[in-house]
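Visitor: 3D model of this:
(2 chains)
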Protein chains: 2
Amino acid sequence: MIEKKALKELIARVGKDKVFSDREYLLAYSYDATGLEYMPDAVVFAESEEDVARVMAVCRGHGVPLVARGAGVGYTGGALAVCGGVVLVFTRMNRILRLDKENLLAVVEPGVITADLQEAAEKAGLFYPPDPASLKTSTLGGNIAENAGGPRCYKYGVTGNYVLGLEALLMSGEKVRLGSETIKNVAGYDLKSLLIGSEGTLAVVTQATLRLLPLPPRRLLFRVDFATLASGAQFVQCIIQNHVQPSVLEFMDRSSLQAVYAYQGLPLDERVRAAVLVEIDGSPSEVAEREALFEKQVVAVRPLDRQRAETFAEQEILWATRRNISSAIAKLKPKKINEDIVVPGGRIPEMVAYIDGLAVEFNLCIVLFGHFGDGNIHTNLMVDPEDADEMKRAEIVLDKIFKRVVELGGTISGEHGIGLSKKPFMHYQFSPAELELFRRIKKVFDPLNLLNPGKIF
Amino acid sequence: MIEKKALKELIARVGKDKVFSDREYLLAYSYDATGLEYMPDAVVFAESEEDVARVMAVCRGHGVPLVARGAGVGYTGGALAVCGGVVLVFTRMNRILRLDKENLLAVVEPGVITADLQEAAEKAGLFYPPDPASLKTSTLGGNIAENAGGPRCYKYGVTGNYVLGLEALLMSGEKVRLGSETIKNVAGYDLKSLLIGSEGTLAVVTQATLRLLPLPPRRLLFRVDFATLASGAQFVQCIIQNHVQPSVLEFMDRSSLQAVYAYQGLPLDERVRAAVLVEIDGSPSEVAEREALFEKQVVAVRPLDRQRAETFAEQEILWATRRNISSAIAKLKPKKINEDIVVPGGRIPEMVAYIDGLAVEFNLCIVLFGHFGDGNIHTNLMVDPEDADEMKRAEIVLDKIFKRVVELGGTISGEHGIGLSKKPFMHYQFSPAELELFRRIKKVFDPLNLLNPGKIF
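Guide: Alright, predicted model coming up:
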């Protein structure tokens, strides 16, 4: 519990219109997309870097935990105050401070919603590629904290690839400016990359300089349906190996499709066991050339069906199916254990077949979809927490999946981060020596363990 | 000086065919491309990870400094044993262990020469983009230690963007595996990025997993000559702003061209004050489309001359001019102060004009060339160390240049690293708080300061 004195000091230094400790506020900021709930002791809405510095000073002075929070839509509990303390909300720091066409960059506050930056960039003929499924609600600060990915990351890379510079406050009260406004920068240790994906445990980011690209003038979206899971997964490999180089290469299995069609109230062709979304972008002739290459692959695999979306409106219909999967499958069972494993591209058919086998062997409902282009398989174990036997089987299966992922050269998290939910699985990927390095680096930045305590390790 | 006992132990544990302490060996490994010289006490040629572990154990046991070294062609003294000790040479660990077409990656030992990996990749229809000018001599381990860039990094990014995973040994004797074989990976702190560019001060890399791309089927190279420095620098901006998206955008000033033409024994058109190299790569139709866009810009600026190289042989002739600049200008004066500053792309004309003004004002020979596409300006102050007044003027000018670079949102090093040569300039870019973080991170990895001591800070 936060002392009364600390709370008073917060109000005195930041202002009572930004500090809340009544139950309804605490409740509203006690949960995220994990479904877990932890009550903070106070919620503060920062409006400037000065506010952030003041809150950090009070937390430092009183030994109060501090959890930075964007939109609170993370999947691993990164924004949850598991040890109580202050939740520092960035939604009011949502200004795009600069959109620089000449130098192809944007300077933003952490609370800017990802889709808002994308829209502002597009209006200027520019492009901010990272596109987490949550882009219409999640903030850039949250994206940076988790190093968020998304469908277009197959071609364009993840959030971290677009962060040129960061301004951040350390728990000591000092301010650091990491990176620069340039793509190349090799001066000193790469602390910018260390902060990206550190889930709010090392410092609090107050400003980011993000790289923009020229907007690709043309985009086409396709959906190809298959009669077996394996043929869909293999089609993804065909596209990669034959250098179609799409910007998006998304996969949906039978269960995802069934759930999302039911959710949308649409009928689904009985025979469809997998669907692949392929987006091709670039200049008109480049897109035409890649489309021809893509069509050759489609003809070769003889799919059940193939749709082509040319206009933005047509494309949004195909996208809706993919973007609604998460909400749709949540209705299948009381609980969704949502993993974001990654394996090297060529290992996907093997990994998918392995998971499919486990689902049958252990009688579990496992829904697969995701960014198969970059090997990122969203693996959802649909369970009922009341069913002890099912929960036990799910535990065994998860164990097997993570082991196999690491054996195949993959990683236990491709875009959601570790947070709270994946802590128990860190030992699969990291040795005691590696975990010890993490702990010691954490200590360098935050010796009193006040920044987002209880996360990652 | 290394104790006799430590040397004996090295020989006993690693083998006498790999450990040398006679003067000729020590001399041969006492210098790099900076021209500075520091004699090590012993030179060891590692042939395996086990060798590396054994050498590190001996150094740890006896408190002996350890400097990892690739080809020793760095520009900032990264491979120099400034405190004596052991120079651990990786040139014998030069095997490409795996070239994986299916997963688009290569697993390499640190001593592989960059050009050798490029060639092996090309034979398999793949592409390893990072291309430091030293690529025919420098090693991948050295490239990783300095996070090396190169001309193609404008489109493709620097070495760090192609490192998927690293195996490294810590000074404690423990082995860490950082990253994975996948593009996406957000589990734990990004220690892989922390090691990249850390100039051998944190750990010793023993194996790297590198990302490969499909080989672009077509490449064209152009050279455009200008009558003024400003018009050349502005042409670079035209190319960027009009989204020609070349893979290379290189700049050479009058002094570079004069020096390199003299070096090659060729006559240079008196009127040429700047030349720009532009490479366009991609699929045939993509290249044709970009070429048309490029030609429109060329026509608009009315250059002095324009050359187009279609075949590999023709392109190599144009490349030779660029690649020979460093050697050629070294003959202009006894000493070359070689800086690799970076400013945001749109700031190049301003920065170039500023440096040009300083050269006139302080009567100095300053040669400019480099990767103007990504703002990376190789700034060479040609001086005579015997001329005290000239050295003093150079010092003042350097001071002004670095200050302006940081003011413009740039960085003091784009690809060479800090090493020994740039240590005095770190304070321009980093605050005391930031430098303190560097020092404390160094301590986490190497508490006794045995790994490449005396570098960066």
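
Visitor: is it true that A:Ala168 lies in a helix?
Guide: No: A:Ala168 sits outside any helix when classified using DSSP: H, G, I helix; E, B strand; the rest coil, being strand.

Visitor: how near is it to B:Lys403?
Guide: Noted for A:Ala168: a distance of 23 Å to B:Lys403, by CB to CB, to the nearest Å. For every residue, glycine as well, the C-beta is placed using N, CA and C.

Visitor: And these two? Which one has more around it.
Guide: Between A:Ala168 and B:Lys403, counting by other CB atoms under 10 Å in any protein chain shown, A:Ala168 is the more crowded of the two (24 against 12).

Visitor: so what's the nearest residue to A:Glu49 once chain neighbours are set aside up against?
Guide: If the residues on either side of it in the chain are set aside, A:Glu49 comes closest to A:Thr206, at 4.4 Å by CB to CB, 6 or more residues apart in numbering or on different chains. With contact taken as CB atoms under 8 Å, 6 or more residues apart in numbering or on different chains, A:Thr206 is in contact with A:49, A:52, A:93, A:109-110, A:167-169, A:175.

Visitor: Any regions of the stretch 151-300 of chain A where pLDDT drops low?
Guide: In the prediction, the stretch 151-300 of chain A carries no residues with pLDDT under 70.

Visitor: For it, just list every one of the helices.
Guide: A:153-156, A:191-195, A:229-241, A:254-264, A:284-301 (DSSP state H, counting those that start in this stretch).

Visitor: Tabulate those (a markdown table), appending mean neighbour count.
Guide: What follows is these, written out as a markdown table (neighbours: other CB atoms under 10 Å in any protein chain shown):
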| stretch | mean neighbour count |
| --- | --- |
| helix A:153-156 | 22 |
| helix A:191-195 | 24 |
| helix A:229-241 | 20 |
| helix A:254-264 | 19 |
| helix A:284-301 | 16 |
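
Visitor: Throw those into CSV and include distance to B:Glu295, thanks.
Guide: Converted to CSV, the helices of the stretch 151-300 of chain A look like this (distance: least, CB to CB, whole Å):
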stretch, distance to B:Glu295
helix A:153-156, 27
helix A:191-195, 38
helix A:229-241, 33
helix A:254-264, 48
helix A:284-301, 15
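
Visitor: Which of the ones you listed sits closest to chain B?
Guide: Proximity to chain B (CB to the nearest CB) singles out helix A:191-195 among the helices of the stretch 151-300 of chain A, at 3.4 Å.

Visitor: which strands and helices sit next to that closest one?
Guide: With contacts taken as 3 or more CB pairs under 8 Å, 6 or more residues apart in numbering or on different chains; DSSP states H and E, helix A:191-195 sits against strand A:163-169, strand A:175-179, helix B:191-195, helix B:432-445.

Visitor: what does that helix contact?
Guide: Residues contacting helix A:191-195 (CB under 8 Å, 6+ apart): A:144, A:160, A:163, A:165-166, A:168, A:176, A:178-179, A:202-203, A:205, A:441, B:189-191, B:193-194, B:434, B:437-438, B:441.

Visitor: same check, this time on stretch A:230-241
Guide: Contacts of stretch A:230-241 (CB under 8 Å, 6+ apart): A:224, A:226, A:246, A:249, A:251, A:253, A:273-276, A:278, A:294, A:297, A:300-301, A:303, A:345-346, A:348-349, A:352-353, A:372-373, B:101-102, B:104.

Visitor: do that again at 6 Å, thanks
Guide: Here stretch A:230-241 makes contact (CB atoms under 6 Å, 6 or more residues apart in numbering or on different chains) with A:226, A:249, A:274, A:276, A:297, A:301, A:345, A:348-349, A:352, A:372.

Visitor: and what of stretch A:400-411?
Guide: A:341-344, A:347, A:354, A:412, A:425, A:428-429, B:180-182, B:185, B:187.

Visitor: quick one: terminal-to-terminal distance for stretch A:91-108?
Guide: With CA to CA, to the nearest Å as the measure, stretch A:91-108 spans 12 Å from end to end.

Visitor: Now that stretch: buried residues?
Guide: Residues of stretch A:91-108 classed as buried by neighbour count (16 or more other CB atoms under 10 Å in any protein chain shown): A:91, A:93-94, A:96, A:99-100, A:103-108.

Visitor: Contact residues of the stretch 251-400 of chain A facing chain B?
Guide: By the rule CB under 6 Å from any CB of the partner chain, the part of the stretch 251-400 of chain A lying against chain B is A:283, A:285-286, A:289, A:342, A:344-346, A:374-376.

Visitor: Now with 7 Å, please.
Guide: With the criterion set to CB under 7 Å from any CB of the partner chain, the stretch 251-400 of chain A comes near chain B through A:283, A:285-286, A:289, A:342-346, A:374-376.

Visitor: Mark which of those are part of strands, please.
Guide: A:342, A:376 (DSSP state E).

Visitor: check contacts around the nearest residue to A:Leu27 once chain neighbours are set aside.
Guide: Spatially, and ignoring its direct neighbours in sequence, A:Leu27 is nearest to A:Met39 (7.2 Å; CB to CB, 6+ apart). The contact partners of A:Met39, taken as CB atoms under 7 Å, 6 or more residues apart in numbering or on different chains, are A:26, A:30, A:84.

Visitor: Is it correct that A:Met39 falls within a helix?
Guide: No: A:Met39 sits outside any helix when classified using three-state DSSP, being coil.

Visitor: In the stretch 251-400 of chain A, which residue sits closest to chain B?
Guide: A:Gly346 (3.4 Å).

Visitor: Look up the closest residue to A:Glu47, ignoring the ones flanking it.
Guide: A:Arg92 (5.0 Å).

Visitor: my read: the one you found touches A:Gly111, true?
Guide: Yes: assessed by CB atoms under 7 Å, A:Arg92 is found in contact with A:Gly111 at 6.3 Å.

Visitor: CA-only coordinates of the lengthiest helix in chain A, as CSV, when you get a sec.
Guide: Using DSSP state H, we find that the single longest helix of chain A is helix A:388-407. Output of helix A:388-407 as CSV, limited to C-alpha atoms (Å, rounded to 0.1, in the frame of the first residue of the first chain):
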residue,chain,number,x,y,z
ALA,A,388,-8.5,-29.7,-13.8
ASP,A,389,-7.7,-32.6,-16.1
GLU,A,390,-7.8,-30.4,-19.2
MET,A,391,-5.7,-27.8,-17.5
LYS,A,392,-3.1,-30.5,-16.6
ARG,A,393,-3.1,-31.7,-20.2
ALA,A,394,-2.6,-28.1,-21.5
GLU,A,395,0.4,-27.7,-19.2
ILE,A,396,2.0,-30.8,-20.6
VAL,A,397,1.4,-29.7,-24.1
LEU,A,398,2.7,-26.2,-23.5
ASP,A,399,5.9,-27.7,-22.1
LYS,A,400,6.3,-29.9,-25.2
ILE,A,401,5.7,-27.0,-27.5
PHE,A,402,8.2,-24.6,-25.9
LYS,A,403,10.8,-27.3,-25.8
ARG,A,404,10.4,-28.1,-29.5
VAL,A,405,10.4,-24.4,-30.4
VAL,A,406,13.8,-23.8,-28.8
GLU,A,407,15.1,-27.1,-30.3
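
Visitor: Buried residues, that helix. List them.
Guide: Buried residues in helix A:388-407, counted by 16+ other CB under 10 Å: A:390, A:393-394, A:397-398, A:400-402, A:404-406.
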